[in-house]
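Q: A predicted structure for the sequence below; I have some questions about it.
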Amino acid sequence: MRRKARPNPPRVAFIIETSMAYGREILHGMVGYVRENGPWTVFFEPRSLQDPVPPWLGEWNGDGIITTLFPQFSDLILKTGIPTIDLDDQQPRSGLPTVQSDQAAIGVMGAEHLLGRGFTRFAFFGYPQFEWSRLRSDAFAATVRAAGFPCDEYLKAQAVSWGHQLPSWEEEVHRVSQWIANHPKPLGLMACNDFRGVQALDACRAANVAVPEEVAVIGVDNETLACELAHPSLSSVIPDCRRIGYEAAKLLDHLMKGGRNPTAPGPVPPVGVATRQSTDVMAISDPIVADSMRFIREHACHGIRIEHVLEHVAVSRSSLHRRFQASIGRTIHGAIAAVRLERVKQLLIETELPLQAIADRAGFSHVEYLIAAFRETTGSTPGAYRRNNREGRL
């Protein structure tokens with residue numbers, strides 16, 4: 001259908017929080033629609049979840065708004081009478097057109113990711129006071145119970161502190177560490193979002209629980225900086241925020257052209273899982289092997305040998321070798337080598353370090369040994385691996 005000509009580009013306000021990846025990715029989706037169907041004159045400013053209503057909004061003479069109708073300024077926006085798309089995930093009550101993530105599908109995807117790694121015990125760590133967290137939790141629990149396994153939920157969550165002030169963070173981590181310590185292992189744990197996932201990792205560390213060998217943790221939102229800074233790095237379900245943003249802009253365009261009763265898309269399912277170290281494992285039921293693997297993961301790149309692992313777990317070489325073969329199907333030496341080679345791959349792709357520096361950081365005493373081990377495992381030289389994988393990232 002031919003677009004109706006406008007004397008001027010429509011004036012549109014994007015009032016979206018930009019402090020987290022979820023909001024920024026939604027903005028990318030909006031930009032994609034505007035590029036294809038614009039131009040629009042866009043009013044936009046960086047925002048956090050705690051920011052008050054923009055002071056200019058009450059007198060603003062615009063054509064459309066895309067926002068999350070937080071309680072602190074929902075009345076003002078509704079009074080403007082300007083066509084608005086509401087992206088609130090908290091049971092939107094505005095009656096305005098909305099586009100939302102499929103919260104149930106997010107919970108199902110997290111459960112399937114952990115089920116696929118052989119876990120048979122599960123728990124969910126969220127914010128019971130929020131509808132989006134409850135929907136994810138309910139779907140997660142239903143999925144694992146349908147598979148015949150138990151699921152627990154953390155229900156003692158304190159009031160949310162979006163600023164993550166230190167006292168509230170540490171108090172909650174202490175309580176969660178006790179909750180995790182009391183669960184049988186191995187345990188597959190889903191957090192309602194990535195910052196809750198980081199708390200879960202801190203709690204596991206406080207409880208002296210190995211991640212991912214004893215507890216595998218997955219979050220939601222793929223908040224890349226938080227996930228990569230976490231120790232170990234955090235796996236995460238990836239919502240399709242760009243599609244949410246695109247569809248929201250499409251709905252608003254319909255309203256600004258004088259359209260009535262736009263047909264909003266159904267809940268938008270997630271696109272997949274970004275797998276990182278926190279779930280990069282098969283469930284290990286043998287606590288000795290789990291403890292050994294945690295020690296190897298933490299120290300393999302410091303040049304440890306099999307003797308150091310044996311000393312840590314106080315088990316004979318023959319006994320530990322049998323346990324490794326039975327639990328993970330590889331030798332102790334093979335487990336050490338695998339951790340070192342994964343570190344080599346990471347440094348090849350993410351840094352400009354020369355091979356000698358990479359060898360030093362990955363626990364190889366000689367560059368020649370690194371090259372030989374890398375070629376034997378990957379069928380490629382380190383240089384070729386670096387070139388090929390960087391080309392794929394451009």
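A: Here it is on my side, so go on.
Q: walk me through the domains of this protein.
A: Here the domain assignment for the chain is 11-100+241-268, 103-240+274-279, 287-393, based on automatic domain parsing.
Q: these: lowest mean pLDDT?
A: Lowest mean pLDDT within the domains of the chain: domain 11-100+241-268, a mean of 85.
Q: picking up where we left off before, give me whichever of the domains of the chain is most buried.
A: Neighbour counts averaged per stretch over the domains of the chain are highest for domain 103-240+274-279, at a mean of 20; criterion: mean count of other C-beta atoms under 10 Å. From N, CA and C alone the C-beta is placed, and that goes for glycine too.
Q: end-to-end on that one?
A: 21 Å (C-alpha to C-alpha, to the nearest Å).
Q: which residues in the stretch 101-250 of the chain form strands?
A: Applying DSSP state E, counting those that start in this stretch to the stretch 101-250 of the chain gives strands spanning 122-125, 151-154, 187-191, 215-220, 235-238.
Q: and of those strands, who's closest to residue 296?
A: Smallest distance to residue 296 across the strands of the stretch 101-250 of the chain (C-beta to C-beta): 16.6 Å, for strand 215-220.
Q: quick one: distance of the closest one to the chain centre.
A: Averaged C-alpha coordinates place strand 215-220 at 8 Å from its chain's average position (C-alpha atoms, centre = their mean, to the nearest Å).
Q: which other helices and strands contact it?
A: Here strand 215-220 touches helix 103-115, strand 187-191, helix 194-206, strand 235-238, going by 3 or more C-beta pairs under 8 Å, 6 or more residues apart in numbering; DSSP states H and E.
Q: tell me the strands beside the last one, with direction?
A: When you say that, I think you mean strand 235-238. Looking at strand 235-238 with DSSP bridges, its partner strands are strand 215-220 (parallel), strand 272-274 (antiparallel).
Q: what are the contacting residues of that strand?
A: With contacts defined as C-beta atoms under 8 Å, 6 or more residues apart in numbering, strand 235-238 is touched by 106, 109-110, 113, 194, 197, 216-223, 227, 270-280.
Q: go with 7 Å
A: Identification of contacts with strand 235-238 by C-beta atoms under 7 Å, 6 or more residues apart in numbering yields 106, 109-110, 194, 218-222, 227, 270-276, 278-279.
Q: any chance of the strands paired with strand 235-238 in a markdown table, with distance to residue 290 too?
A: Formatted as a markdown table, the strands paired with strand 235-238 follow (distance: least, C-beta to C-beta, whole Å):
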| stretch | distance to residue 290 |
| --- | --- |
| strand 215-220 | 10 |
| strand 272-274 | 22 |
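Q: what's the closest of these to residue 27?
A: Set against residue 27 and scored by C-beta to C-beta, the strands paired with strand 235-238 come closest in strand 215-220, at 18.6 Å.
Q: give me the contacts around that closest one.
A: Under the criterion C-beta under 7 Å, 6+ apart, residues 106, 110, 113-114, 117, 119, 136, 180, 185-194, 196-197, 200-201, 204, 209, 211, 234-237, 239, 278-279, 281 lie in contact with strand 215-220.
Q: mind redoing it with 6 Å?
A: Strand 215-220 has contacts (C-beta atoms under 6 Å, 6 or more residues apart in numbering) with 106, 110, 113, 187-191, 193-194, 197, 200-201, 204, 209, 211, 234-237, 278-279.
Q: circling back: which of the strands of the stretch 101-250 of the chain sits closest to residue 332?
A: strand 215-220 (21.5 Å).
Q: the closest one to helix 194-206, inter-axis angle?
A: Angular relation of strand 215-220 and helix 194-206 on a 0 to 180 degree scale: 160 degrees, by axes from the mean of the first three to the mean of the last three C-alpha atoms, to 10 degrees.
Q: dump strand 215-220 to CSV, restricted to CA.
A: The C-alpha coordinates for strand 215-220 follow below in CSV (Å, rounded to 0.1, in the frame of the first residue of the first chain):
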residue,chain,number,x,y,z
VAL,A,215,25.4,-25.7,40.2
ALA,A,216,24.9,-24.5,36.7
VAL,A,217,23.4,-21.0,36.5
ILE,A,218,21.6,-19.3,33.6
GLY,A,219,20.2,-15.7,33.5
VAL,A,220,18.1,-13.7,31.1
